[in-house]
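Colleague: everything below, folded, please.
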Amino acid sequence: MNKHIVRSIMSAAVAGVCAGAAHAQSNVTLYGVVDAGFTYTNNQKGNSAYQATQGNVQGSRWGLLGTEDLGGGTKATFRLENGFSLESGAAGQAGRMFGRSAWVALGNNRWGTVTLGRQYNSVQDFLWQEQTNGVGALSQYANAVFDNDDLNNTYRTNNGLKYTTPTISGFTANAMYAFSNTAGEFANNRAWSVGADYANGPLRLDAAYSLVNSPATNTTGAAPSDNYYSLSSSIISNVSRNQVWGLGGTYAIGPATLALLYTNSTFDIIAGGSLRFANYEASVRYQLTPATLLTVGYIYTTQRSSEAAATNAHYNQLAVGGEYFLSKTTDLYLNGIYQRASGANAWIEGIGQASSNAGQFAAVAGLRHKF
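Modeller: Here you go, the predicted structure:
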């Protein structure tokens with residue numbers, strides 16, 4: 001009789017282990033984007049430029065996305081995403097192997113998700129939905145001047161700990177804290193952000209805020225010095241405090257999607273004074289045919305400076321573009337972007353050098369493939 005009891009217990013144990021092994025299923029997906037083309041600029045420091053360019057609509061990348069179902073609505077997830085130049089083969093994000101994303105997460109359908117690692121802040125998570133090039137067919141050149149709101153991902157956040165709620169009645173929110181990782185300097189080069197999204201049928205609304213204390217003061221903190229704003233690509237440098245907030249919405253009407261976005265960015269300068277930007281964006285995406293997408297976007301930016309190295313200025317920027325899809329994963333694109341500045345030289349985001357005067361025009365054409 002004892003033997004029967006022992007056999008029963010062992011059988012139950014083996015069955016339980018097998019059931020658990022069968023339930024905990026995992027998978028890893030290899031994915032990527034390759035995007036290359038040609039860009040003409042009418043004025044870069046007084047000269048026209050004809051350039052082979054890449055990552056125009058989307059940055060070229062490859063990545064690994066893995067998930068494991070742990071049962072009970074809980075799963076483990078990771079993402080390792082490398083950015084690179086398709087023209088040279090060089091790694092992007094200051095040579096990082098996984099400079100676009102490197103994180104691991106534990107999530108539950110009921111309680112939400114905790115994510116740890118290098119990742120996007122709340123402003124980037126939510127407000128890209130409404131940015132001018134976020135609604136489709138427009139390239140990175142259609143972003144706000146100097147990428148002052150970081151929606152073109154000038155920098156991503158290291159040492160991040162993020163919590164994202166489950167979606168409840170169309171509402172999702174998150175909050176992130178990123179550590180300085182320097183002993184004795186807890187508040188130096190740390191960051192935090194919060195954001196929320198509401199989606200219901202054709203309507204989407206988003207709002208977010210981010211703050212970085214003493215960014216780029218070292219390579220180990222939340223905003224590392226080798227992957228932040230610099231004078232080589234903007235007028236922003238030597239920042240003691242960087243604050244961004246914004247809100248926006250989209251509304252779909254048949255084949256058209258309308259988007260509005262306001263962002264406000266402040267850069268306090270170490271030597272004193274500050275740079276302040278306000279960006280007002282409006283765009284329309286129109287699905288002309290199943291294979292043809294057209295977009296037009298406008299951005300008005302005000303620049304207010306109380307530091308010696310910059311002036312007060314404002315910028316008007318118009319972008320038009322189209323995509324033709326050869327398949328679900330391959331498309332051709334064509335964009336035109338014109339910026340007119342007052343109080344400063346024009347400088348379209350992503351173009352290598354500023355214009356020698358108040359106007360700058362860029363045209364870009366290319367091919368993108370996703371896998």
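Colleague: can you name the residues bridging to L247?
Modeller: A207, Y262 (DSSP bridges).
Colleague: my guess is it contacts R204, does it?
Modeller: No: judged on CB atoms under 8 Å, L247 makes no contact with R204 at a distance of 11.7 Å. In short, each C-beta sits where N, CA and C put it, glycine included.
Colleague: for Q129, helix, strand, or coil?
Modeller: Using DSSP: H, G, I helix; E, B strand; the rest coil, the structure places Q129 in coil.
Colleague: sorry, slip of the keys, the one I care about is Q124.
Modeller: Applying three-state DSSP: Q124 is helix.
Colleague: measure it to G107 for me?
Modeller: Distance, Q124 to G107, by CB to CB, to the nearest Å: 19 Å.
Colleague: ok, those two, which is more surrounded?
Modeller: The neighbour count for Q124 versus G107, taken as other CB atoms under 10 Å, is higher for Q124 (23 against 19).
Colleague: against S193, how distant is that one?
Modeller: 9 Å.
Colleague: tell me who's in contact with the nearest residue to S60 once chain neighbours are set aside.
Modeller: In space, and not counting its chain neighbours, S60 is closest to L86: 4.5 Å by CB to CB, 6 or more residues apart in numbering. Taking CB atoms under 8 Å, 6 or more residues apart in numbering as the criterion, L86 is in contact with 34-36, 54-55, 60.
Colleague: please flag which of the residues you listed sit within strands.
Modeller: Using DSSP state E to define strands, the subset of those located there is 34-36, 54.
Colleague: so can I have a markdown table of those showing neighbour count, distance to A271 and pLDDT?
Modeller: Formatted as a markdown table, the ones in strands among the contacts of L86 follow (neighbours: other CB atoms under 10 Å; distance: CB to CB, whole Å; pLDDT from 0 to 100):
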| residue | neighbour count | distance to A271 | pLDDT |
| --- | --- | --- | --- |
| V34 | 18 | 42 | 97 |
| D35 | 23 | 38 | 97 |
| A36 | 17 | 40 | 97 |
| Q54 | 19 | 36 | 96 |
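Colleague: what's stretch 191-200 in contact with?
Modeller: Residues contacting stretch 191-200 (CB under 8 Å, 6+ apart): 121-123, 125-127, 129, 157, 160, 170-178, 204-213, 215, 222-223.
Colleague: in that stretch, what counts as buried?
Modeller: Going by neighbour count (16 or more other CB atoms under 10 Å), the buried part of stretch 191-200 is 191-198.
Colleague: greatest separation within those residues: which pair is it?
Modeller: A191 and Y198 (24.5 Å; CB to CB).
Colleague: give me the distance between the residue nearest to Q25 when sequence neighbours are not counted and A365.
Modeller: Residue nearest to Q25 in three dimensions, not counting chain neighbours: D69, with 5.1 Å by CB to CB, 6+ apart. D69 is 43 Å from A365, where distance means CB to CB.
Colleague: and the residue nearest to S60, which of the three is it?
Modeller: Strictly by three-state DSSP, L86 counts as coil.
Colleague: next, give phi and psi for it.
Modeller: phi -70, psi -20 (degrees, to the nearest 10).
Colleague: then T295?
Modeller: phi -140, psi 140.
Colleague: got a list of what it touches?
Modeller: With the criterion set at CB under 8 Å, 6+ apart, T295 makes contact with 135-138, 283-286, 319-322.
Colleague: any idea how far it is from A178?
Modeller: T295 is 33 Å from A178, by CB to CB.
Colleague: and what of V239?
Modeller: Look at V239 and A178: by CB to CB, they are 16 Å apart.
Colleague: likewise for V104?
Modeller: For V104, the distance to A178 - CB to CB - is 15 Å.
Colleague: if you count surrounding residues, which of the two has more?
Modeller: Each of V104 and A178 has its neighbours counted (other CB under 10 Å); A178 has more, 25 against 14.
Colleague: all helices for this protein, in order.
Modeller: 2-23, 122-127 (DSSP state H).
Colleague: ok, the closest residue to T329 other than its chain neighbours to V57 distance?
Modeller: Once flanking residues are discounted, T329 sits nearest to K370: 4.6 Å by CB to CB, 6+ apart. Using CB to CB, we find K370 at a distance of 11 Å from V57.
Colleague: just put the ones in strands among the contacts of L86 in CSV and tack on distance to Y300.
Modeller: Below are the ones in strands among the contacts of L86 laid out as CSV (distance: CB to CB, whole Å):
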residue, distance to Y300
V34, 34
D35, 28
A36, 31
Q54, 29
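Colleague: taking the contacts of stretch 191-200 one by one, which sit in strands?
Modeller: 157, 160, 171-178, 204-213.
Colleague: weed out the non-buried ones from those residues.
Modeller: By 16+ other CB under 10 Å, those give 157, 160, 172-178, 204-213 as buried.
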